[in-house]
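Peer 1: Show me how the following folds:
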Amino acid sequence: MPMLRNLFDDRRLDRLYQQLVNEEDARVCRDISDSACRVVPGNFLLQIATQFFTKLGDAIANPKTVLAWLLASLAAPAVFTAFLVPIRESGSLIPQLVIASYVRRMPVRKWVFVLGAVLQALAVFSMAVVAATLTGAAAGFALIGALVVFSLSRGLCSVASKDVLGKTVPKTRRGRVSGWSETLAGLVTIGIGTFLLFDRDGADTAVGTWVLLLTIAGGLWLVGASTYAAIREEPGATEGGGNALSEALKRLALLREDAPFRRFVIARSLLLCSALSAPFFILLAHDNTEGALLVLGLFVIADGVASLISAPFWGRFADRSSRRVMVIAGAAAALVGLGLVAIVNFGGDVAGAAWLYPLFFFLLAIAHAGVRMGRKTYVVDLAGGNKRTDYVAVSNTVIGVVLLITGSVGALANVISVSGVIVVLACMGLAGAWLSSRLPEVT
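Peer 2: Down below sits the predicted model:
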């Protein structure tokens, strides 16, 4: 810890910070205090480091890929795999209104993130134990239980991180924190995906491979907790204490009283298409190929490359106009889905080409990265002071409920085909992009 704190006194950090933000005046502080402005370079770089470690941990323990493969390797019933993504996402979002009520009482909120990161590390370590000791339904129940803890702990980090970011990094710099961290994590993820791609036995038989990966992922969360603890955060406002549940319900009034915020939440709900479409791209590949494309490493590489090449661009773009990022990325996700459906249904033999599905998965990952970057930066910039915590908590809680509802759109695949589901999601995305274009600018 002392070594991390000494980073604040190193003039080299100022030069590195200026290079990363690519501007001569690297301390333009419009909405944070002068004392907070003086330590922006150190806080900026520590948050990049923290997000790098945690995003890399997320990539290694990804429920869409690694955990799904792990359950298959442990012969767990398929029903457990179906619950991975909904629990992972909604479990971290729905409780955030209550979590935010407690967070508001704390003048220094970085410790909430540290607690959440440590709990996530313990949950991932538990998954490694499950992989080494259990099989079948027992493994499924145990892994889902660990994922519930992981997801709820993630909610602590989500509420705290956006508030700390708003208190320690000025506007026009916040998007680049996520941009640079996702770039670095994407680079390392490519290496992991390459290892899995050529480890022919690892995906199906060598459970030790997954134990090792999950242990590394848990360790990354612990390192992220350490770097975040070194951030210099000034005490903030603590108004709004009281009964957590009653305070949480009162904050839902923001959806009625704050029109720009309400439109943002609706737009974000519609832009969920970029996340919900990915599994159906993979199902479409199942229907039209012999299954060779579902090698785990190939999709990990696609995600890694997408983050590597797109995150810096989206980060800089979001600092100029996060609203426009939501518009462009949301429309792009929708058009990628429509394009894939058109080729599969009208492209003849091309539908069976081995390169088609990873290519479109890659394009969707780029668009999804933009949607995430745009909406994260927008909600932080839309609010100021203590209101930021309310905005994040209310929007995330609502999105958690919406995610459970819209996630059931998968049931439509039994009625209108996988291609039809992708078209429905694409229409959602286009509507979300249109509504995003009507949001006010916040830069």
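Peer 1: doesn't residue 189 make contact with residue 303?
Peer 2: Yes. Between residue 303 and residue 189 there is a contact at 6.5 Å, judged by CB atoms under 8 Å. For glycine as for every other residue, the C-beta is placed from the backbone atoms N, C-alpha and C.
Peer 1: Give me the common contacts of those two.
Peer 2: The contact sets of residue 303 and residue 189 overlap at residue 59 (CB atoms under 8 Å, 6 or more residues apart in numbering).
Peer 1: Please name every helix or strand in contact with the host helix or strand of residue 90.
Peer 2: Using DSSP states H and E, residue 90 maps to helix 84-93. Applying 3 or more CB pairs under 8 Å, 6 or more residues apart in numbering; DSSP states H and E, we find helix 84-93 packed against helix 66-73, helix 136-168, helix 387-407.
Peer 1: To residue 256, which of those lies closest?
Peer 2: helix 387-407 (11.1 Å; CB to CB).
Peer 1: Show me what counts as buried in the closest one.
Peer 2: For helix 387-407, the buried set under the neighbour-count rule, 16 or more other CB atoms under 10 Å, comprises 387-400, 402-403, 406-407.
Peer 1: Same check on stretch 142-151?
Peer 2: By neighbour count on 16+ other CB under 10 Å, the buried set for stretch 142-151 is 142-144, 146-147, 149-151.
Peer 1: What of stretch 119-137?
Peer 2: Buried residues in stretch 119-137, counted by 16+ other CB under 10 Å: 119-128, 130-131, 134.
Peer 1: now stretch 107-115
Peer 2: Taking 16+ other CB under 10 Å as the criterion, stretch 107-115 shows 109-110, 112-114 as buried.
Peer 1: same thing with stretch 429-436?
Peer 2: Buried residues in stretch 429-436, defined by neighbour count with 16+ other CB under 10 Å: 429-433, 435-436.
Peer 1: and of these, the nearest to residue 275?
Peer 2: Looking across the buried residues of stretch 429-436 and measuring by CB to CB, the closest to residue 275 is residue 429, at 10.5 Å.
Peer 1: you'd agree that closest one is up against residue 274?
Peer 2: Yes. At 6.6 Å, residue 429 counts as touching residue 274 under the criterion of CB under 8 Å.
Peer 1: shared neighbours of the two, anything?
Peer 2: 330, 333.
Peer 1: Secondary structure element for the residue nearest the centre of the chain, which one?
Peer 2: The centroid of the chain falls nearest to residue 372 when counting by CA atoms, centre = their mean (6.8 Å). Assigned by DSSP H and E, residue 372 belongs to helix 356-382.
Peer 1: tell me the pLDDT at the residue nearest to the centre of the chain?
Peer 2: Residue 372 carries a pLDDT score of 87 in this model.
Peer 1: quick one on the thing from earlier: if you compare the directions of the next helix or strand after the helix holding residue 90 and helix 387-407, what angle comes out?
Peer 2: For helix 84-93, the succeeding helix or strand toward the C-terminus, using DSSP H and E, is helix 96-103. Orientation check (axes from the mean of the first three to the mean of the last three CA atoms, to 10 degrees): helix 96-103 against helix 387-407 gives 160 degrees.
Peer 1: tell me which residues of helix 96-103 are tucked away?
Peer 2: Residues of helix 96-103 classed as buried by neighbour count (16+ other CB under 10 Å): 96-101, 103.
Peer 1: cool, stretch 250-264 as well?
Peer 2: 251, 254, 258, 261-262, 264.
Peer 1: Sitting in helices, which of those residues do you find?
Peer 2: If you go by DSSP state H, these have 251, 254, 261-262, 264 in helices.
Peer 1: And those, which is closest to residue 194?
Peer 2: Among these, and counting by CB to CB, the member closest to residue 194 is residue 264, at 38.4 Å.
Peer 1: The closest one contacts residue 376, correct?
Peer 2: No. The criterion here is CB under 8 Å, and residue 264 misses it with residue 376 at 11.6 Å.
Peer 1: Provide the secondary structure category for the residue lying closest to residue 136 once chain neighbours are set aside.
Peer 2: Leaving aside its sequence neighbours, residue 136 sits nearest to residue 75 (CB to CB, 6 or more residues apart in numbering; 5.3 Å). Recorded secondary structure, residue 75: coil (DSSP: H, G, I helix; E, B strand; the rest coil).
Peer 1: what sits against residue 75?
Peer 2: Here residue 75 is in contact with 135-136, 139 (CB under 8 Å, 6+ apart).
Peer 1: how about a cut-off of 10 Å?
Peer 2: 135-137, 139-140 (CB atoms under 10 Å, 6 or more residues apart in numbering).
Peer 1: In the helix holding residue 372, which residues are buried?
Peer 2: 356-358, 360-382.
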